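Novice: Give the three-dimensional model of this entry:
(chains A, B and C)
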Amino acid sequence: MSEITSLTLTELVKNIKEKKLSSTEITKAFVERSQKSKELNTYITEDFSSAIEKAKKFDDKPNFDLKLPGIPIAVKDLFCTNGVRTTAGSKILNNFIPTYESTVTQNIWQQGAILLGKLNCDEFAMGSSNETSFFGNVQNPIDKNLVPGGSSGGSASALAANLTPVTIGTDTGGSIRQPASFTGTVGLKPTYGSCSRYGIVAFASSLDQAGPMSKNVKDCALLLEVMSSYDKKDSTSIDFNRSKYSLELNNNIKGKKIGIPKEYRVDDMPIEIEELWKKGIEHVKECGAELVDISLPHTNYALPTYYIVAPAEASSNLARYDGVKYGFRSHGENLIDMYEKTRSEGFGDEVKRRIMIGTYVLSSGYYDAYYLKAQKVRRLIKKDFDVVFNQVDAILTPSTPSSAFKIGEKTNDPISMYLNDIFTVPINLAGLPGISIPAGLDKNDYPLGLQIIGKAFDEQNILNIAYSIEEKINFKNKITDWWIK
Amino acid sequence: MTIDLKTIKHISRLSCISLEDEKAQKLAGDLNSIFKFIEKLNELKIEDVEPLTSIAETTLKFRTDEVKSDNIREKILKNSPSDNEDFFVVPKVVE
Amino acid sequence: MSKNNHEFLITRKNNHYEVVIGLEVHAQIKSNSKLFSSSSTKFGAEPNTQVSLVDAAFPGMLPVINEFCVKQAIKTGIGLKAKINNKSVFDRKNYFYADLPQGYQISQYKHPIVGEGKVILDMPYGQKEIGIERLHLEQDAGKSIHDIDPENTLVDLNRSGVALMEIVSKPDLSSPEEVNIYIKKLRSIMRYLGTCDGNMQEGSLRADVNVSVKKKGEEKLGTRCEIKNVNSIKFMQMAIIYEANRQADLLEEDKTIDQETRLFDTKKNETRSMRSKEDAHDYRYFPDPDLLPLEVTNDFIDSIKLEIPELPDEKKKRFIEKFKLTPYEATILVSDIETSKYFEEVTNNSDIKLATNWITGELFALLNEKNLEISESPISSRNLSKLINLIKNGTISGKIAKAVFEIMTHEDKDPEAIVEEKDLKQESNPKELEKLIDKIINDNQDKVKEYKAGKDKLFGFFVGQIMKVSGGKANPKLVNEILKDKLSR
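Specialist: Just a heads-up that it's a prediction; the model follows:
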């Protein structure tokens, strides 16, 4: 039997239900492998002894009706976990221990899952390479000194390195899909309002969504099924009929219309990506789906729009980090001095940059020119999708404009960093679901992903399409365990 | 549209983040390139477009007027930097 | 409606200045729980015992709106005869302060729930209409306590998140007295509706006062200053007078008035500038992305309309018609809903004129003296009716009634029982009275002679003697008649 840590979630659940493996065995296996993998720096907080205890408890009184029975899972350090430190990758929350649980993690614990630990991420989810974390950079298991993507970099890296069978991330501008693409894993951002934001450290309220990250589409569907729920404690949570995503997962996409947007063919796009996309199109045809050329005319305005809206909301969401109620506090001569020093020392450079942008675009005299304008363009971007979804059922694009880059390569140029999200950001602005699946390798054997975008609330459809072409692609990650001590 | 040091200082005051001049200069530089990038939006004619403030396709749901929360003072004060059991403690405001 | 005001002017050597006042009243909504969280709103709890994770702005916490608070705001809007907006938006007002845990206040900026309305003031010189600009919903902040710890400020977040209605008037107020009547009227309306208890000592009603002055007759408004957070009518009036004078002085010296925010120092009785940084007022309002626009249907609004009781203005009209009261009397009796209820209960069972006099006279004096609300009155409406009936049917005189009333303030006893016990019935038998009167006349022949000779004042002497001899029980009216008759023979 292959190593426990190489098994998929679905296989692990099957093994547990068939009593072939115990929760304790599984948990111990992931703990051991995680302990040997410190060089990847994927964990901010380990909860290993507690995890093993919980696993033993599960084995004593197992409940096999649960969907994630006794399965150990590590989660992004943006989800508030009761009694377990939650830092959002920031110094300002370095010592914060929540006395409450986020709804999404509550959902997975309720289905039997066990917390392994909290995974590294860009500070306050602001970044595309996991290089802005107070707790240091994360290594991509694909190769040394390679970024895993971000902001859910720790999650994607741990997942690809088999330190956790699945994980949960958050996606505001691509923070699940882009690292999934960079690490050769699957990542899904659900429709806005599908997963509750209660208990998730907020970055940009109208864009944030929690989502499942896994090694294959089947696992992704199962995890989404558990995560997604209507939550009264979140006023933006939507009460819609949620499918049994894993149950209804199938590979029959005959007759489905898949749109190919011409605006996603950007200048200087690496030839490998162009080819990957072509291959994806072929696979889709093979599955019996129909390709349709479509236009999303405002695509090129999505990134500038995002870099107004997201920082604006963030500047306000991060105002609560003032050293008064919780978190890091610096000494100040008076109240304002205390605030200024606390926030100056507690926040990293990228966070400060975005707070400044956000404050500026909302400030008197500039609101109309920037924020209001961005909100209008956002409506146009959404309209583009609404129109197109009258003709097609889903859209197929590359996930990222390049494969993973070297650590330090883009840190001096914010714009070049921001361009990583060029294919993912429009989907957040429109509130639509999107999934990234690994589709091929570039000349360096670094993974590249394809993205499938769906109509609002139509996660089942994009999962099915992803499932179909995943089979055809038959992707294999080339990971050598180089970091294991 | 250039962002100068004076503007950076103003913004940093509004957002309660102290900045030394050197860092402020760098920030001004970063912000200027970011805003050049954002200027792209000016290419669009959008006077008549309705701004999109909420992407959630639902209406604001109501809550009933029940008192649900208990006294959780201990939990509320647990993470605060001071050890006062009744209040949050902060340095005095300068009037 | 009288067109112009009783003039309140600031007089200087060569100029008279009119004062222009606008009020932003913050009224705490009467509800069990807060606007966006389920914590209790009860006044006076131990610090930080009515604070939830949402109130304290912990990471990941989100607001969920209280339907009842929305209804209360709409109800108040209806009471202000204002437009109710079917769609309104919650905006974040961003600034930093210790009692504002989120670093922003959830308020309403461009699209408030209630639009324009009006309030009618009953001034001595006639009715005056004060325009209401808008009413919106917002969160209250916590409390900063500066005087317990010498080195630090202590923060209590119990009040953080309590629902407030901000009622913004148009700058139609012209004098401290109008401000007094306006606040009282607003209070009265909200207490009638049950939407705010208007208790200024507990902080459920406070106001920011905007003051400017202009030369008498000038159209153009002067620069206004805002005096923040004044929590009593008296202080509002004092602040207005100080500020108007301050501004007039500046204008007299040809100086400019800076538009600024000021505080009223209650010890020194003057306003002073808040020493805040000039750019601290950029609130960077934007729609709160954790909430959606508030949409209320016409049906929703109509169902609230059904809950509106008869309001002060309408009740006043009805009282004047039904009870033939003077406008002055009616105003007093409707100013408080409990008073109006009490009044109607009493008049249901006894003489209206007497009821009016006794309530506005004796009863109000008693309540004022003991600092009681009418709902705490030691004398029930039932017993007061009975007392009035005893006067009306001649059982006791008005003077005796006062004594009975005094007894009733200590014990809410049936006045009929008191009169029985203390044998206070007035003597109204003409035969008995004649006996008494004859005796007095006989005993005072010399004075009778003087009276008949023209000393009219002596009539009172005779009446006094009769009252004395009868232990105060002689029916004064009959005594007067019979005595007059006898002395005229």
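Novice: lowest-pLDDT helix or strand in chain B?
Specialist: Ranking every helix and strand in chain B by mean pLDDT, DSSP states H and E puts helix B:21-38 at the bottom, with a mean of 90.
Novice: now the helix or strand just after that helix: how far from the chain's centre is it?
Specialist: If you walk from helix B:21-38 toward the C-terminus, the next helix or strand you reach (DSSP states H and E) is strand B:62-63. Relative to the chain's own centre, strand B:62-63 is displaced by 26 Å; criterion: Cα atoms, centre = their mean, to the nearest Å.
Novice: Now the helix or strand following strand B:62-63: buried residues?
Specialist: Secondary structure here is assigned by DSSP H and E; on that basis, the next helix or strand after strand B:62-63 toward the C-terminus is helix B:73-78. For helix B:73-78, a neighbour-count test (16 or more other Cβ atoms under 10 Å in any protein chain shown) marks B:R73, B:K75, B:I76, B:L77 as buried. Every residue, glycine included, has its C-beta placed from N, CA and C.
Novice: All the helices of the stretch 151-300 of chain A, residue numbers only.
Specialist: If you assign secondary structure with DSSP state H, counting those that start in this stretch, the helices in the stretch 151-300 of chain A sit at A:153-160, A:177-183, A:217-227, A:271-286.
Novice: And the stretch 301-450 of chain C, by the same measure?
Specialist: C:312-323, C:327-334, C:337-349, C:352-358, C:364-369, C:381-392, C:398-410, C:415-421, C:430-443, C:445-453.
Novice: Save those as JSON lines, and put in mean pLDDT too.
Specialist: Conversion of the helices of the stretch 301-450 of chain C to JSON lines gives the following (pLDDT from 0 to 100):
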{"stretch": "helix C:312-323", "mean pLDDT": "93"}
{"stretch": "helix C:327-334", "mean pLDDT": "90"}
{"stretch": "helix C:337-349", "mean pLDDT": "93"}
{"stretch": "helix C:352-358", "mean pLDDT": "92"}
{"stretch": "helix C:364-369", "mean pLDDT": "92"}
{"stretch": "helix C:381-392", "mean pLDDT": "92"}
{"stretch": "helix C:398-410", "mean pLDDT": "88"}
{"stretch": "helix C:415-421", "mean pLDDT": "87"}
{"stretch": "helix C:430-443", "mean pLDDT": "87"}
{"stretch": "helix C:445-453", "mean pLDDT": "87"}
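Novice: now the residue nearest to the spatial centre of chain C: how far from A:D386?
Specialist: The residue at the geometric middle of chain C, judged as the C-alpha nearest the mean C-alpha position with Cα atoms, centre = their mean, is C:K184 (3.5 Å). Relative to A:D386, C:K184 is positioned 54 Å away (criterion: Cβ to Cβ, to the nearest Å).
Novice: Please apply the same query to C:T49.
Specialist: The spacing between C:T49 and A:D386, counted by Cβ to Cβ, is 49 Å.
Novice: cool, and A:L441?
Specialist: Relative to A:D386, A:L441 is positioned 35 Å away (criterion: Cβ to Cβ).
Novice: Settle it for me: which of those two has more neighbours?
Specialist: Legend: neighbour count by other Cβ atoms under 10 Å in any protein chain shown for A:L441 and A:D386, higher for A:L441 (19 against 13).
Novice: So for that one, what's the pLDDT?
Specialist: Looking at A:L441, its pLDDT reads 94.
Novice: which ones are touching it?
Specialist: Residues in contact with A:L441, defined by Cβ atoms under 8 Å, 6 or more residues apart in numbering or on different chains, are A:P447, A:L448, A:K478.
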